[in-house]
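Participant: sharing a sequence plus its predicted fold:
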Amino acid sequence: VAGKNGSDSGRQPAAANNDGSGTASIDLERTRSSARYLLAKCCYELNLYSEAEETLLRHCRHSFAQAIASGGGTVNGVKIRGNRNEAMDAWIVQTTPCPIPNGSAGLN
């Protein structure tokens, strides 16, 4: 990457560090997860509790919907019927790594 004066700063773009093992995408997801956590923490400290919860769960809901779509309405061998919130709760507990940002349990 060229610096301000046109010289090489020595930094590599994140994708260039990917050796095929998915390292760049894992690092990107960790960064996104940290950003979601920090936004939720700010909302929490401003007493915006529903916004904090929505910040934490938005990505989780999206991932759950993708899991249902890719599984043809089935997640972890279970057909999703009835209350999707209960099904999502069970999915969150079983999913590795957990789709909720690390440290979120400490928001209380």
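Facilitator: Thanks, I have it. All values derive from a computational prediction rather than experimental measurement.
Participant: quick one, phi/psi of Asn76?
Facilitator: Main-chain dihedrals, Asn76, degrees, to the nearest 10: phi 50, psi 40.
Participant: tell me the pLDDT of it.
Facilitator: Each residue has a pLDDT score; the one for Asn76 is 72.
Participant: do I have it right that it meets Gln94?
Facilitator: Yes - Asn76 lies in contact with Gln94 (Cβ atoms under 8 Å); the separation is 5.9 Å. Where C-beta positions appear, they are placed from N, C-alpha and C, glycine not excepted.
Participant: any weak-confidence spans in this protein?
Facilitator: Within the chain, the segments meeting pLDDT under 70 span 1-22, 102-108.
Participant: tell me where it has helices.
Facilitator: With DSSP state H as the criterion, the chain has helices at 23-45, 49-70, 84-94.
Participant: since that was my last question, I'll sign off now.
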